[in-house]
Each structure stands twice: as C-alpha cells, then as structure tokens.
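J.: my questions concern the predicted model and sequence given below.
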Amino acid sequence: MKYLVTRLSAFFLAALMLSASLLSCTSTTMIHTVPEGAKVYLNDEFKESHSYKHSDSAISGTSTEMTFKMDGYQDFYTLLSKNEQVDVGAIVGGVFFLFPFIWTMGYNPSHSYELSPLMP
C-alpha cells in the first residue's frame, strides 16, 4: 500500500509540473499607443484599433513585426521580441521535462508606443 501511495504521489507531482510548464509556454503583453486608438497590425494582419492584448506560444527569441497606423500620424514600425523577461515556470518545467526550455523567455507585461504627428 505504501508503494502505491508513493507512486501515485510521484505521478501527480509529475502531472502538476508538466501542466505548469505547458501553461508557461504562452506569453502575454498589453500593447498601448499614444495617442490611443491607433490600428494595430501584427505581421501585416489587422488586430485592433485600441489597446491590444497579445498572447502567443512562440519560442524564445522569436520576433513579430508590428505596425501602428492612425490618421494624421506617421506609421510606426517595430518588432515585438520574445526575449524580454525570464519565465521561471518554463525553467522549472525544463529541469524535469527538457522541452519547456525553448519557452524560457517571454514578453514584458506591457508595451507603449508613441506615434509622431505628420508634418504639414
């Protein structure tokens, strides 16, 4: 009986750690523009016309092209890189399951971009 309890405990601990490492694969950030209301494009695909919550499960070190457009302002181009913040859950999961190491970095919680007015 003691052997069975030990095995079940080990199984549940492993399942808990695996689920935690898989959940940590997704990284999320809030995108804001100044002024508010710019159109947000990720990889040339329209997403929103206000603050945008971006989530993905891309691996560490990947980048996403971002463009912000608003009438009366210059288009703003930048890259959102998934290498800004260490994800402790992925590191802990990686110690036990190896594959989560490719998700050890994530995004900062928020990003703010200021658009420049067009010159007359």
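T.: Received, thanks. Quick caveat, the model's predicted, so the values are computed rather than measured.

J.: which parts of this protein are strands?
T.: 27-34, 39-42, 45-48, 52-56, 63-69, 76-81, 85-86, 105-106, 110-114 (DSSP state E).

J.: tell me the strands beside the longest one, with direction?
T.: Pointing back at strand 27-34 there. According to DSSP bridges, strand 27-34 forms sheet pairs with strand 52-56 (antiparallel), strand 110-114 (parallel).

J.: can I get the CA coordinates of it in PDB?
T.: Output of strand 27-34 as PDB, limited to C-alpha atoms (Å, rounded to 0.1, in the frame of the first residue of the first chain):
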ATOM      1  CA  SER A  27       3.300  34.700 -23.000                       C
ATOM      2  CA  THR A  28       1.000  37.800 -22.900                       C
ATOM      3  CA  THR A  29       1.600  41.500 -23.200                       C
ATOM      4  CA  MET A  30      -0.700  44.600 -23.500                       C
ATOM      5  CA  ILE A  31       0.100  46.900 -26.400                       C
ATOM      6  CA  HIS A  32      -0.800  50.600 -25.900                       C
ATOM      7  CA  THR A  33      -0.300  53.600 -28.300                       C
ATOM      8  CA  VAL A  34       0.000  57.300 -27.600                       C
END
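
J.: can you give the contact residues for that strand?
T.: Strand 27-34 has contacts (CB atoms under 8 Å, 6 or more residues apart in numbering) with 40, 51-58, 66, 68, 70, 76, 80, 82, 87, 103, 106-115. Any C-beta I mention is one placed from the backbone N, CA and C, and that applies to glycine too.

J.: surely Thr67 and Asp75 touch.
T.: Yes - using CB atoms under 8 Å, Thr67 is in contact with Asp75, at 6.1 Å.

J.: okay then, goodbye and thanks.
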